[in-house]
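[1] Below are the sequence and a predicted model; questions follow.
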Amino acid sequence: MFNRLQILRSSGNESCFLWGPRQTGKSTLLKHLYPSSHYYDLLFSEEFERLTKKPSLLREEILAMEPHGPIIVDEVQKIPRLLDEIQWLIVNKNISFILCGSSARKLKRSGANLLGGRALRYELFPFVSKEIPNFNLSRALNNGLLPRHYLANDPAPLIRAYIGDYLKEEIAAEALTRNVPAFAKFLEIAALSNGEIVNYTNIASECGVSSVTAKEYFQILCDTLVGCFMPSYIKRPKRRVIHAPKFYFFDVGITNVLLKRGEIVPGTEYFGRALEHLVMQEIKAHSHYSGIEYPISYWRSASGLEVDFILGDHQTAVEVKSTSEVQERHIRGISAFRDDYKPKRSIVVSMDRRKRIMGNIEIMPVMEFLEELWDGKLM
């Protein structure tokens with residue numbers, strides 16, 4: 001058991017939702033943190049069938065218990081009607097719950113009771129560098145950071161199964177889309193846009209669907225936490241800037257397999273793209289796990305100057321370069337942003353061996369950047 005970061009920051013008797021894509025380790029974490037809690041796993045067919053037929057069984061059974069810690073309901077989105085029973089128990093019996101699942105989309109689409117603000121909301125991401133003893137950057141870039149994949153010597157078959165069984169079939173099974181072949185094709189095309197500004201028209205054309213459908217497919221990925229949009233930083237622009245968002249999948253290993261990248265090695269274009277993606281994953285997880293929830297955006301001028309990540313309200317600007325020696329040509333974008341917005345820190349994350357300063361720009365080896373990020377020194 002790796003020491004996952006303590007993301008459940010609730011105290012006392014507060015109930016919460018814990019969301020996260022499959023295989024991020026939600027069930028393992030909860031069983032580790034609450035070994036004495038009563039656990040309802042709706043992936044078990046018998047449990048699913050009896051509570052589907054009669055949701056009130058949950059209330060009746062819990063009233064007969066002497067709970068030791070919160071009641072855990074895993075895959076709660078599979079039976080939305082359970083939430084009415086859960087709310088009654090929270091309000092009338094002061095019983096706390098941890099409601100775990102891979103997506104709130106089905107609950108929202110069905111008009112289910114989301115407990116009216118009575119439950120906090122947390123997310124569990126794939127591993128982050130701080131959770132892994134002797135973190136191996138090359139392994140993370142090649143395998144991704146889903147626990148099972150990171151630890152595997154040959155992750156490709158596992159990732160292909162994950163894509164086939166979860167990203168295609170299960171999303172379809174949740175009635176999020178009925179056209180599985182088109183959605184499977186969309187996943188491959190969307191991977192080409194990973195870390196790029198999304199062009200719905202081009203993607204729709206390649207998938208053989210409408211632009212409206214392509215937008216809906218992207219929204220499915222976001223709602224199921226399989227991907228996310230990153231907005232453009234457009235506050236007080238001093239030059240013309242791009243407004244459209246970028247898109248990222250939730251894990252670099254998934255993108256590698258969708259794109260058939262093969263081995264990710266230094267000095268290649270794939271290495272640079274994977275490194276940027278990994279840094280994005282770490283920053284996104286830190287924003288949530290730290291409790292700060294600072295916004296993350298990117299900046300690109302109409303002339304092509306760009307900064308990969310703007311943290312907060314331009315407190316920190318971060319550019320990722322896979323080169324082993326950052327040079328003047330690598331810092332043009334972040335220098336322009338610094339001239340316009342005067343961020344507190346301007347950092348180029350790279351494969352340089354040692355930290356150094358170029359003008360007012362910090363050149364920082366990637367491992368040192370990750371340490372400062374998780375030590376809370378960047379925000």
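    Received the coordinates, thanks.
[2] Residue nearest the middle of this structure, spatially speaking?
    residue 250 (4.4 Å; Cα atoms, centre = their mean).
[3] ok but residue 188 is inside a helix, no?
    Yes - assessed by DSSP: H, G, I helix; E, B strand; the rest coil, residue 188 belongs to a helix.
[4] tally of neighbours for it?
    14 (other Cβ atoms under 10 Å). No exception for glycine: its C-beta is placed from N, CA and C like everyone else's.
[5] what's the pLDDT at it?
    Per-residue confidence (pLDDT) for residue 188: 89.
[6] From residue 61, how far off is it?
    Residue 188 sits 45 Å away from residue 61, going by Cβ to Cβ, to the nearest Å.
[7] on that earlier part again, relative to residue 266, how far out is the residue nearest to the centre of the chain?
    As judged by Cβ to Cβ, residue 250 and residue 266 stand 24 Å apart.
[8] Check residue 138 too.
    To residue 266, residue 138 is 8 Å away according to Cβ to Cβ.
[9] Next: residue 134.
    For residue 134, the distance to residue 266 - Cβ to Cβ - is 19 Å.
[10] cool, and residue 213?
    Per Cβ to Cβ, residue 213 is found 39 Å from residue 266.
[11] Pick out whichever of these two has more residues nearby.
    Set residue 213 next to residue 266 and count neighbours by other Cβ under 10 Å: residue 213 wins out with 18 against 14.
[12] Wait, a helix at the more buried one?
    Yes - under three-state DSSP, residue 213 sits within a helix.
[13] distance between the longest helix along the chain and the chain's centre?
    Counting by DSSP state H, the longest helix found in the chain is helix 269-289. Offset of helix 269-289 from its chain centre (Cα atoms, centre = their mean, to the nearest Å): 10 Å.
[14] Could you list the buried residues of it?
    270-289 (16 or more other Cβ atoms under 10 Å).
[15] With only the CA atoms kept, save the helix or strand following that helix in CSV.
    Using DSSP states H and E, the helix or strand that follows helix 269-289 in sequence is strand 296-300. The C-alpha coordinates for strand 296-300 follow below in CSV (Å, rounded to 0.1, in the frame of the first residue of the first chain):
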residue,chain,number,x,y,z
ILE,A,296,-4.9,26.4,-14.1
SER,A,297,-4.8,27.9,-17.5
TYR,A,298,-2.5,28.4,-20.5
TRP,A,299,-1.5,31.5,-22.4
ARG,A,300,-0.9,31.9,-26.1
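[16] What are the contacting residues of strand 296-300?
    Around strand 296-300, the neighbours that count as contacts under Cβ atoms under 8 Å, 6 or more residues apart in numbering are 197, 230-233, 241-242, 246, 280, 283-284, 287, 306-311, 317, 333, 337.
[17] Among those residues, which are located in strands?
    Among those, the residues falling in strands (DSSP state E) are 197, 230, 246, 306-311, 317.
[18] Give the buried subset of the residues you listed as a ChimeraX selection command.
    Applied in ChimeraX, the following selects the buried portion of the ones in strands among the contacts of strand 296-300 according to 16+ other Cβ under 10 Å:
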select :230,246,306,307,308,309,310,311,317
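[19] what's the farthest-apart pair in the ones in strands among the contacts of strand 296-300?
    197 and 311 (19.6 Å; Cβ to Cβ).
[20] Endpoints of stretch 338-347, how far apart?
    Distance between the two ends of stretch 338-347: 10 Å, counting by Cα to Cα, to the nearest Å.
[21] What of stretch 85-105?
    Terminal-residue distance, stretch 85-105 (Cα to Cα): 20 Å.
[22] the domain parsing of the chain - what is it?
    For the chain, automatic domain parsing gives the domain ranges 15-123, 129-374.
[23] Residue 364 belongs to a helix?
    No - under the criterion used here (three-state DSSP), residue 364 is strand, not part of a helix.
[24] That one: neighbour count?
    Neighbour number of residue 364 under other Cβ under 10 Å is 23.
[25] How about the contacts made by residue 265?
    residue 271.
[26] now do 10 Å
    Residue 265 is in contact with 138, 141-142, 271, counting by Cβ atoms under 10 Å, 6 or more residues apart in numbering.
[27] I'd like the domains of the chain laid out as TSV, including distance to residue 8.
    Listed next are these as TSV, based on distance: least, Cβ to Cβ, whole Å:
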stretch	distance to residue 8
domain 15-123	6
domain 129-374	10
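[28] So for residue 5, which of these sits nearest?
    domain 129-374 (5.1 Å).
[29] can you give me how far that closest one is from the chain middle?
    Using Cα atoms, centre = their mean, the offset of domain 129-374 from its chain centre is 10 Å.
[30] which non-adjacent residue is nearest residue 94?
    Setting aside the residues directly before and after it, residue 94 is nearest to residue 13 in space (Cβ to Cβ, 6 or more residues apart in numbering), at 6.2 Å.
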